[in-house]
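In: fold the following, please.
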Amino acid sequence: MKKILTVLGSLVLTTTSATLVVSCGSKNTEFNQLMKVVNNTKGTYDNNNFPNQKSSASVIYLGAKDNAASQSFEAALKQAFSADSLDQAEKKLSQPGSVTQTSTYERSIRLDQPSATNSLVTFIPDTVDNDLQTSTFVKVQFVDQPGLSELFFDATFQGLAEGTYVFSQTDSDFLNNHFSGDFPANLKVKLQGFTTSLLTNDGLVSSWQNALVNGWFNESNADRGIRQVTVDTSGKNAGRITEIKAELPFYGIKGTDSGILSNAYTYAKPQLTFKAFTVDKVSDYWNNEVFKQLLNDYIRPDLIQQAAANSNSSESFPEPDKTRGDKEIFKQRVKNADAILGKIKEQKGPTFLIIKNGHLIAMQNGWNTYKTFNGEIQGSPTIENNGMPDLMSWVGSLAKIFSESTNSRFQDNNQFITTSFATTNWDPEKDGKSNWDPEKGLPK
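Out: Numbering: from 1, shown residues only. Okay, the predicted model is just below:
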């Protein structure tokens, strides 16, 4: 079950710091800030393989100040949130709501054994308080019960006259396994009520978070079957799997996880965050020291690791690779990763890196250029008419990425980078010659 390692009463969803402008002077600091965004999406597990921190996802935007398409995207995002800066829009997109504690009580309860028609465990407190009834979700902690006292369980109020609550499916399975016979007649529990609140009701934010939740937890997503591996990413044995942890998920969700879409985790985890990084000139895009470090120190090793993990996606794994006899397999994994890396280097931006549980699972490139930022293109769309539709189309494309198998993008590296979501008139060469003055914030 889920151990609570943070104080739920003051739990607030992750926020992001100011938009980072990548310069030439402090590459290590800027690269570390970029990697912090990546690492914050990684799930962690305790010694019993229960998640301490649920894995999440992030979209990292890489733009250029003199690039018309980059300026168009940033303007559309700021317009959507009536924001004065990209930093403000970034925070509103990444922080959709918060979780606050409403009540704490100790109660005696009666547990109902699951029946053939009801696989969920229900419990009925001796008294029910109004603020518990109106809570979005309830955390249940058993008191003085060996093996259970340190664990927290999710439950939802069913609205029945007697005050019945129902445990989540995952928690029910654990309780069924813990109690070998009938449940005890009376147990004392601590009940903690929590509510979720949206900081904005904007449809874009709702679609943004649902893009992750609805896709990630698709039961048919083959990413569920891929387990954690340790892989050599350099040297003569690059591409070799040295360790397999079959009990842990590579992409952050186990194939057996169910009931995870309780209200608590719909809003609190997993979360899709957004972070922006920009360079001054599009000509500096992959030549910038920070972006080069990103390619060499993160993207290439991660792609090699994913190529290895995706090459064996069954639930049961063999022993780790042997050094001898498998070198051609190692080389093919590195070759697959380098083929994707080569395509990434060809992109001129704006670029969106899609990060899931610390892994770069896909990349998007391009944006419509609006008339304000490049009037030279005949028939350019306007931000007023196209800004929000383009953003919604973009978010819809993210939902598609999260719902698809990552393995398919490694089998065909042409699928790794997409450019068709909002790019009706985007040209990477022309859009580098913007008529927009980034210093004055006005057309030239």
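
In: who's in contact with the longest helix along the chain?
Out: Determined from DSSP state H, the single longest helix within the chain is helix 383-403. Identification of contacts with helix 383-403 by CB atoms under 8 Å, 6 or more residues apart in numbering yields 57, 59, 72, 75-77, 79-80, 203-204, 207-208, 210-212, 214-216, 218, 221, 272, 354, 356, 361-362, 364, 367-368, 370-372, 418, 421-422. The way it works is simple: take the backbone N, C-alpha and C, and place the C-beta from them, glycine included.

In: which of those fall in strands?
Out: Ala57, Val59, Leu272, Ile354, Lys356, Ile361, Ala362, Gln364, Thr418 (DSSP state E).

In: and the two most separated of the residues you listed?
Out: Leu272 and Thr418 (17.1 Å; CB to CB).

In: of those two, which one has the most company?
Out: Leu272 (26 against 19; other CB atoms under 10 Å).

In: so for that one, what's the pLDDT?
Out: Leu272 carries a pLDDT score of 83 in this model.

In: next one: Leu360
Out: 95.

In: residues contacting it?
Out: Tyr298, Ile299, Asp302, Leu303, Gln306, Leu353, Ile354.

In: all strands of the stretch 101-250 of the chain, in order?
Out: Counting by DSSP state E, counting those that start in this stretch, the stretch 101-250 of the chain has strands at residues 122-125, 137-142, 153-157, 165-167, 187-198, 227-231, 241-249.

In: distance to Asn413 and mean pLDDT added to these, as a markdown table?
Out: As requested, the strands of the stretch 101-250 of the chain are arranged in a markdown table below (distance: least, CB to CB, whole Å; pLDDT from 0 to 100):
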| stretch | distance to Asn413 | mean pLDDT |
| --- | --- | --- |
| strand 122-125 | 50 | 81 |
| strand 137-142 | 42 | 81 |
| strand 153-157 | 40 | 77 |
| strand 165-167 | 44 | 80 |
| strand 187-198 | 39 | 78 |
| strand 227-231 | 18 | 85 |
| strand 241-249 | 20 | 81 |
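
In: of all those strands, which lies closest to Thr44?
Out: strand 241-249 (10.1 Å).

In: so which residues of the stretch 51-200 of the chain form helices?
Out: Along the stretch 51-200 of the chain, the stretches classed as helices by DSSP state H, counting those that start in this stretch are 68-80, 86-94, 130-133, 169-178.

In: format the ones you listed as TSV; extra columns: mean pLDDT, distance to Asp326 and mean neighbour count.
Out: Converted to TSV, those look like this (pLDDT from 0 to 100; distance: least, CB to CB, whole Å; neighbours: other CB atoms under 10 Å):
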stretch	mean pLDDT	distance to Asp326	mean neighbour count
helix 68-80	90	43	25
helix 86-94	86	42	21
helix 130-133	81	57	14
helix 169-178	70	37	17
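
In: need these in TSV with distance to Val189, can you?
Out: Formatted as TSV, the helices of the stretch 51-200 of the chain follow (distance: least, CB to CB, whole Å):
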stretch	distance to Val189
helix 68-80	44
helix 86-94	35
helix 130-133	12
helix 169-178	12
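
In: nearest to Gly225, out of those helices?
Out: Taking the helices of the stretch 51-200 of the chain one by one with CB to CB, helix 169-178 is closest: 18.3 Å.

In: and the strands in the stretch 251-400 of the chain?
Out: With DSSP E, counting those that start in this stretch as the criterion, the stretch 251-400 of the chain has strands at 272-279, 351-356, 359-365.

In: as JSON lines, these with distance to Thr242 would be great.
Out: Output for the strands of the stretch 251-400 of the chain, formatted as JSON lines (distance: least, CB to CB, whole Å):
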{"stretch": "strand 272-279", "distance to Thr242": "31"}
{"stretch": "strand 351-356", "distance to Thr242": "23"}
{"stretch": "strand 359-365", "distance to Thr242": "18"}
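
In: hmm, back to that, I'd like the strands of the stretch 101-250 of the chain as JSON lines, with distance to Arg333 and mean neighbour count appended.
Out: Listed next are those as JSON lines, based on distance: least, CB to CB, whole Å; neighbours: other CB atoms under 10 Å:
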{"stretch": "strand 122-125", "distance to Arg333": "49", "mean neighbour count": "20"}
{"stretch": "strand 137-142", "distance to Arg333": "43", "mean neighbour count": "22"}
{"stretch": "strand 153-157", "distance to Arg333": "39", "mean neighbour count": "21"}
{"stretch": "strand 165-167", "distance to Arg333": "43", "mean neighbour count": "22"}
{"stretch": "strand 187-198", "distance to Arg333": "42", "mean neighbour count": "18"}
{"stretch": "strand 227-231", "distance to Arg333": "8", "mean neighbour count": "20"}
{"stretch": "strand 241-249", "distance to Arg333": "9", "mean neighbour count": "16"}
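
In: which of the ones you listed sits closest to Asn39?
Out: Per CB to CB, nearest to Asn39 of those: strand 227-231, 15.4 Å.

In: adjacent strands (with direction) for that closest one?
Out: strand 241-249 (antiparallel) (DSSP bridges).

In: for the partner strand, C-alpha coordinates in PDB please.
Out: Output of strand 241-249 as PDB, limited to C-alpha atoms (Å, rounded to 0.1, in the frame of the first residue of the first chain):
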ATOM      1  CA  ILE A 241      21.500  -5.000 -19.900                       C
ATOM      2  CA  THR A 242      23.400  -5.600 -16.700                       C
ATOM      3  CA  GLU A 243      20.500  -5.800 -14.300                       C
ATOM      4  CA  ILE A 244      16.700  -6.500 -14.500                       C
ATOM      5  CA  LYS A 245      14.300  -5.500 -11.800                       C
ATOM      6  CA  ALA A 246      11.200  -7.400 -12.900                       C
ATOM      7  CA  GLU A 247       9.100  -6.100 -10.000                       C
ATOM      8  CA  LEU A 248       9.500  -2.400 -10.900                       C
ATOM      9  CA  PRO A 249       8.000  -0.600 -13.900                       C
END
